[in-house]
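Asker: sequence below, structure please.
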Amino acid sequence: MLKKRLLTAFALIVLTVGIIFFSPPRVFQLAVALLLVAAAWEWMHLAGIKNLFLCLAYSLLIVILFTLAPLAIIMYILFFSVLCWLLILQAIVYYPANVHLWCNKIGLSLLGIAVFIPFATTLVWLKASPLGASLLLYLLLLVWTADTGAYVVGKLWGKHKLVVKVSPGKTIEGACGGMVLSCVISMIYGIFVIAVPGVSWVIWLSLGVVTVVVSILGDLLISMIKRQAGVKNSGRVLPGHGGVLDRIDSLIAASPIFMLIYLTAVAA
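Answerer: Prediction:
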């Protein structure tokens, strides 16, 4: 199982980095659209919708909305995303109270639109920005190192549960370990690779901290929905890893918040 997991992870990293650095904008947008189709399909199954036509229609709706979303209103989309994740935070903190009000077929269908569109739009904007691939890789490194650090530290020293009712395996020690590792990467990458004149290490540290905190919300959201659905993984398409949502859960939450902070604190 470990060998299969490592091989899949290596293949995904190579594929992702290759698409980020070597694909033209249209090809990148197509890749994001395909990712959305797979994620939306799994999302519908977690919502309890198994009908083939409904799953296909919902996936296509997500892609159409993503395609039509104008980059000119990106700030409105990002602020909407902040509001959405604040509400999700409340749902996580008070879980399982009132979970029946939103974790149902209609509620999850609407929530999927609210989290997928800002996520996908952000990826396309980052790719099209002056820093392009470097900025996208920056975001991915923050999320990847946070996930890796949390897993390793949690396994070795984790004792205190983070949100036991939502995800019993996650610990406070693991979350802190992931944040420390990610913030180190953030400052090094921000200062020496992105290297925006006049931007201090404090900005890069803050960007790392906030991005990692929000990425945890994405992880917990998918864990909460899977718990309600009674499944361990969102799918089986990725050997050793589960489904697409299992791999991009942190990124779904982190990407729009990362972009909002970057636009307001770095690129302003």
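Asker: which elements pack onto the biggest strand by length in the chain?
Answerer: Longest strand in the chain by number of residues (criterion: DSSP state E): strand 167-171. Counting contacts by 3 or more C-beta pairs under 8 Å, 6 or more residues apart in numbering; DSSP states H and E, strand 167-171 packs against helix 133-157, strand 161-163, helix 201-229. In this view, the C-beta of every residue, glycine as well, is placed from N, C-alpha and C.
Asker: so that strand versus helix 133-157, what angle?
Answerer: Interaxial angle of strand 167-171 relative to helix 133-157 (axes from the mean of the first three to the mean of the last three C-alpha atoms, to 10 degrees): 100 degrees.
Asker: pull the following helix or strand past strand 167-171 out as PDB, backbone CA atoms only.
Answerer: Following strand 167-171 in sequence order, the next helix or strand is helix 172-189 (DSSP states H and E). Output in PDB follows, covering the C-alpha atoms of helix 172-189 (Å, rounded to 0.1, in the frame of the first residue of the first chain):
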ATOM      1  CA  ILE A 172      -3.000  19.800  17.300                       C
ATOM      2  CA  GLU A 173       0.700  18.800  17.300                       C
ATOM      3  CA  GLY A 174       0.400  17.700  13.600                       C
ATOM      4  CA  ALA A 175      -1.300  21.000  12.600                       C
ATOM      5  CA  CYS A 176       1.400  23.000  14.300                       C
ATOM      6  CA  GLY A 177       4.200  20.900  12.800                       C
ATOM      7  CA  GLY A 178       2.700  21.400   9.300                       C
ATOM      8  CA  MET A 179       2.400  25.100   9.900                       C
ATOM      9  CA  VAL A 180       6.000  25.500  11.000                       C
ATOM     10  CA  LEU A 181       7.300  23.600   8.000                       C
ATOM     11  CA  SER A 182       5.100  25.500   5.600                       C
ATOM     12  CA  CYS A 183       6.000  28.900   7.000                       C
ATOM     13  CA  VAL A 184       9.700  28.200   6.600                       C
ATOM     14  CA  ILE A 185       9.100  27.300   3.000                       C
ATOM     15  CA  SER A 186       6.900  30.400   2.600                       C
ATOM     16  CA  MET A 187       9.600  32.800   3.800                       C
ATOM     17  CA  ILE A 188      12.400  31.100   1.800                       C
ATOM     18  CA  TYR A 189      10.300  30.900  -1.400                       C
END
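Asker: residues in contact with helix 172-189?
Answerer: Contacts of helix 172-189 with the rest of the structure, by C-beta atoms under 8 Å, 6 or more residues apart in numbering, involve 138, 141-143, 145-155, 157-162, 201, 204-205, 207-209, 211-213, 216.
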